[in-house]
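Asker: Sequence and computational prediction follow.
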Amino acid sequence: MTAAASITASLPAPVRFVLGLGILVGFAAAGQALVTVTRLPLPGSVVGLALLWAALGLGVVRLHWLSDAADGLLGILGLLFVPATVGFIGYLSAGAAWGLWLLVMTAGLLVGSAVAGLLASRLLRPGG
Amino acid sequence: MVWIALTLLAFALGVVVQLRARSPLANPTLLATLLVAAALLLSGVPYATYLGHVKPLTSLLAPAIVALAVPLYRLRALLARQWRSLIIGGLSGTLAGVATDALLSRALNLGQDAQRSLLTAPATSPVALQLAQFTGAPPALAATLAVLSGLVGALLLPGFLSVIGVKHPLARGLAIGAVAHGVGTARAREEGELTGAASSIGMGLAALIVTLTVAGLGSR
């Protein structure tokens, strides 16, 4: 393990990035495969997240193998949603109905986050 | 290729604007969305064509969501200590959001398609997409409303939470992730790693609770 650690630690940064990206894509694929096989109505990427978290906890995957790639991707997370959010133009013909849709959605957001935020604040254990 | 370039440049411009203007409306995802949408409408290029062109970009989304395991793992000791607050807060918040969407859209007598689509809006769009077959919502509308819920949440929730006095980064992140999932989590990360990690927990719990709720309602 120490030998493996020293080899991966001495990899040049761009190679470490590729290694990390490979691991992340691999876990995304594993999550997707698991969802397809079990027919769970969950996104493969969220299942992949849980799998990677477990692998890190078990020491199968080391944090420094993928921290560069993970931080890089997470730094532009907002960009990766743009193609999906642009999809709203497919429903522009709904016109005035959007006003009500947004009203309901906003009410749900405010009520839901207020309940989550206030409840979580109250239940937090002191000292962090 | 042009569309990838446009999307990247629009987002970069959004970040520049965000650094200059200190307004919550200067959200890079929102600005890029509006710029790309305007370009599509002006050029007459259909959305499906755009989506085909930017596939290399969207294929990075799944590994990026997986990457949220890294901050969660870094903060594992703290999160293990606060699991009660995270689980109870996240589940209750998502449930309250779904209930509000369901009751209000019924009270306002929205169309069937919108009612069914709004039901899954607090969950991340792949969940909304997969649950559409159970709720009978048009998949594209369910996914669109889910993503927009994240966008609206990213714009409104940080300010709203400050107003109602939710200050702790864990509680703030959780509250954002519980109803505004991925896009909200991207915004929550701007407040710090702890807020972002709590938000990804909220997102995961929301995916679970919305799925269970829809399944539990026996759907339609």
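Answerer: Sure, I can see it. On a predicted model such as this, the values are computed, not experimentally measured, just so you know.

Asker: quick one: stretch A:64-83 to chain centroid distance?
Answerer: 9 Å (Cα atoms, centre = their mean, to the nearest Å).

Asker: who's sitting farthest from the centroid in chain A?
Answerer: For chain A, the largest distance from the centre (Cα atoms, centre = their mean) belongs to residue A:96, which lies 33.5 Å off.

Asker: For residue A:28, see how far away that one is.
Answerer: Using Cβ to Cβ, to the nearest Å, residue A:96 is found at 39 Å from residue A:28. Where C-beta positions appear, they are placed from N, C-alpha and C, glycine not excepted.

Asker: try residue B:62
Answerer: From residue B:62 to residue A:28 the distance is 4 Å (Cβ to Cβ).

Asker: Check residue B:16 too.
Answerer: Relative to residue A:28, and taking Cβ to Cβ, residue B:16 is found at 30 Å.

Asker: If you count surrounding residues, which of the two has more?
Answerer: residue A:28 (27 against 13; other Cβ atoms under 10 Å in any protein chain shown).

Asker: Please list all residues in contact with that one.
Answerer: A:44-45, A:48, B:62-63, B:65-66 (Cβ atoms under 8 Å, 6 or more residues apart in numbering or on different chains).

Asker: Can you classify it as helix, strand or coil?
Answerer: helix (DSSP: H, G, I helix; E, B strand; the rest coil).

Asker: And it, what's its pLDDT?
Answerer: What the model reports as pLDDT for residue A:28 is 95.

Asker: for the one 3 residues further on, same thing?
Answerer: Listed pLDDT for residue A:31 reads 95.

Asker: Okay, and it sits in which element?
Answerer: helix A:13-38 (DSSP states H and E).

Asker: least trustworthy helix or strand in chain B by mean pLDDT?
Answerer: Taking mean pLDDT, DSSP states H and E as the measure, chain B has helix B:125-135 as its least confident helix or strand, at a mean of 83.

Asker: How far away from the center of its chain is that one?
Answerer: Here helix B:125-135 is found 14 Å from its chain centre; the criterion is Cα atoms, centre = their mean.

Asker: name the helices or strands packed onto that helix?
Answerer: helix A:44-58, helix B:112-119, helix B:139-163, helix B:193-216 (3 or more Cβ pairs under 8 Å, 6 or more residues apart in numbering or on different chains; DSSP states H and E).

Asker: Tell me where the model's unsure across chain B.
Answerer: Across chain B, residues meeting the criterion (pLDDT under 70) sit at B:217-220.

Asker: wait, chain A
Answerer: A:1-5, A:127-128.

Asker: any idea whether residue A:66 is helix, strand or coil?
Answerer: Assignment for residue A:66 (three-state DSSP): helix.

Asker: dump the residue contacts of it.
Answerer: Neighbouring residues of residue A:66 by Cβ under 8 Å, 6+ apart: A:19-21, A:23-24, B:67, B:70.

Asker: Mind doing that once more with 10 Å?
Answerer: A:16-17, A:19-24, A:27, A:52, A:56, A:73, B:63, B:66-67, B:69-70 (Cβ atoms under 10 Å, 6 or more residues apart in numbering or on different chains).

Asker: sorry, back to before: so for residue B:9, which of the helices and strands packed on helix B:125-135 sits nearest?
Answerer: Smallest distance to residue B:9 across the helices and strands packed on helix B:125-135 (Cβ to Cβ): 19.6 Å, for helix B:139-163.

Asker: In terms of secondary structure, what does the closest one contact?
Answerer: Contacts defined by 3 or more Cβ pairs under 10 Å, 6 or more residues apart in numbering or on different chains; DSSP states H and E place helix B:139-163 against helix A:82-85, helix A:97-123, helix B:28-43, helix B:83-107, helix B:112-119, helix B:125-135, helix B:169-188, helix B:193-216.
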